[in-house]
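Student: have a look; sequence and predicted model below, questions after that.
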Amino acid sequence: MVKNLDHAYDEYLKAREEIAVKSIQAFPDRLKDTHFRYGRVIIPTFYKSHFLSPKQAHLLKRAAKTLHQVINSATRLYFEEGHLGHIFRIKPEEARLIKIDPGYTQNVVFSRFNTILEGESLKVLEFNCDSPAGAAYADQLEDIWRGEETVREFWDKYHIVGTNRSQDVLDALLAAYEEFGGYETPNIAIMDWHRVRTVPEFEYLKAYFESKGYKTTIADPRELKYKGGHLYHKNMKIRLILRRAFFQEILDRLDDVEDLIRAYEDKAVCMVNSLRSRLAGKALHSLLSHPEYEHFFTDSENRVKREHIPWTRRLTDAEDFYGHKKIYLIDFLKDEKETLVLKPSHGSGGQGVTLGLETRDDDWNAAIDRALKGDWIVQEYVNVPIMTVPVAINNKLDFAYKKYNFNMLVFGGKYAGAFTRLSDESVVNVAKKGGMILSLLSDHIPERM
């Protein structure tokens, strides 16, 4: 009986060491002519996937559906419960953009849950709802893996199930567009700034959308022009935007994107995610993990929140309670150092994230001082698990140990596949020289002993 497919895969390669070593050595060459790049650099990866069991798949689908509902319910509180405005900390210049009605009901359509998945324990550390990347990168990697003869027997034996994440992106886009009132086949713009390092992912998505019959362009927001009631990129009329430009960047360049904002206000274009997704920043965890706000959610939603969302507080709120004991904030942060993480409420790429367990006291105190002067959150530390990855050393098969996190894609309320990021560091991020592998479901049911 096979309980651990990760171990089974390692044993599979050991039994085929000679061909496994050759395949590991040749694998980087297969990535050279692909869009599997972050800027000009091929994203580091390994000759392995992260295999998910049927039980884990059930857990992920249940959590995705419920937490998607929770995110959207929580962000609606900004509009429906004015006295909770202090939780969101929205500045006046942000509020103007957030109040624009996008023309459909979900404040968040696309999200990527950055999680720790170990066995059947799932902890969601962050909801990435502004500009979640990675779906097309994972599809490209899966395309390559499907041509790997070395692992075909393993995939067949354990019923490894593929995922079309790009189709899930398109489906969620079109569902929002339909609710928006779109009736004509839309031309799509994948929107982000020139020279961002994720352009290779956009190019893959563009090719995929066009293969399905949707004319698609990659557009810098500054290139969009609003005239005659329609939004254009060059000579193409745009009805549907996949927004990948960050909210803060749009806010910072408002004078350069006036045409985009006017078209969005006039509902001349359907933009997904809407600018209301700003409300689902890291600090949303503070609301979702606080008992005071449980009456806004159903009993089943509260059970899922308690199971999957670690204790989190915005630093300005954290001095109220930890557990049931009144505490003084700075003393608490110092005394509980090894159980806490400090991170900015907004930002990406793991920037500024500080783990007390791995930080010297002087550096931790400096991080506290920095956090108290800004908009930061404190979160319960969740242990980062380790997995093995195969490597070829001196033409011999060996295995390296890597820390990993699990990135589940949730599009329109549905689990849309995942990928796993690996690193030597506990703050795991591709932008911080981490690596990426596939996360794939096995529907293999082990025989009973």
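Tutor: Cool, the structure landed. Remember, it's a predicted structure, so these values are computed and weren't measured experimentally.
Student: can you give me the helices for the stretch 1-150 of the chain?
Tutor: Ranges of helices within the stretch 1-150 of the chain are 5-14, 17-31, 54-80, 85-88, 92-98, 135-145, 149-157, based on DSSP state H, counting those that start in this stretch.
Student: ranking the ones you listed by burial, who's on top?
Tutor: For the helices of the stretch 1-150 of the chain, the largest average neighbour count (mean count of other CB atoms under 10 Å) is found in helix 135-145, namely a mean of 22. C-beta here means a position set from N, CA and C on the backbone, and glycine is covered the same way.
Student: give me the packing partners of that helix, helices and strands only.
Tutor: In terms of contacts (3 or more CB pairs under 8 Å, 6 or more residues apart in numbering; DSSP states H and E), helix 135-145 is packed against helix 165-180, helix 199-211, strand 414-423, strand 435-442.
Student: got the angle for it vs helix 165-180?
Tutor: On the basis of axes from the mean of the first three to the mean of the last three CA atoms, to 10 degrees, helix 135-145 is oriented at 150 degrees to helix 165-180.
Student: mind saving the C-alpha coords of helix 135-145 as PDB?
Tutor: Taking Å, rounded to 0.1, in the frame of the first residue of the first chain, the C-alpha atoms of helix 135-145 are listed here in PDB:
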ATOM      1  CA  ALA A 135      -1.600  29.700 -13.500                       C
ATOM      2  CA  ALA A 136      -0.100  29.900 -16.900                       C
ATOM      3  CA  TYR A 137       3.400  29.200 -15.600                       C
ATOM      4  CA  ALA A 138       2.100  26.000 -14.100                       C
ATOM      5  CA  ASP A 139       0.300  25.000 -17.400                       C
ATOM      6  CA  GLN A 140       3.600  25.500 -19.300                       C
ATOM      7  CA  LEU A 141       5.400  23.300 -16.900                       C
ATOM      8  CA  GLU A 142       2.700  20.600 -17.200                       C
ATOM      9  CA  ASP A 143       2.900  20.800 -21.000                       C
ATOM     10  CA  ILE A 144       6.600  19.900 -20.700                       C
ATOM     11  CA  TRP A 145       6.100  17.100 -18.200                       C
END
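Student: so how far is it off the chain centroid?
Tutor: With CA atoms, centre = their mean, to the nearest Å as the basis, helix 135-145 stands 16 Å off its chain's centre.
Student: what's the average pLDDT for it?
Tutor: For helix 135-145, mean pLDDT rounds to 95.
Student: so it versus strand 435-442, what angle?
Tutor: Counting by the same axes, to 10 degrees, helix 135-145 lies at 70 degrees to strand 435-442.
Student: and Thr185, which of the helices of the stretch 1-150 of the chain is closest to it?
Tutor: helix 135-145 (21.4 Å; CB to CB).
Student: what comes into contact with that closest one?
Tutor: Residues outside helix 135-145 that contact it (CB atoms under 8 Å, 6 or more residues apart in numbering): 30-31, 34-36, 43, 45, 49, 151, 162-166, 168-169, 201-202, 204-205, 208, 409, 411, 416-419, 436-440.
Student: out of the residues you listed, which are buried?
Tutor: By neighbour count, with 16 or more other CB atoms under 10 Å, the contacts of helix 135-145 hold 31, 34-36, 43, 45, 49, 151, 163, 165-166, 168-169, 201-202, 204-205, 208, 409, 411, 416-419, 436-440 as buried.
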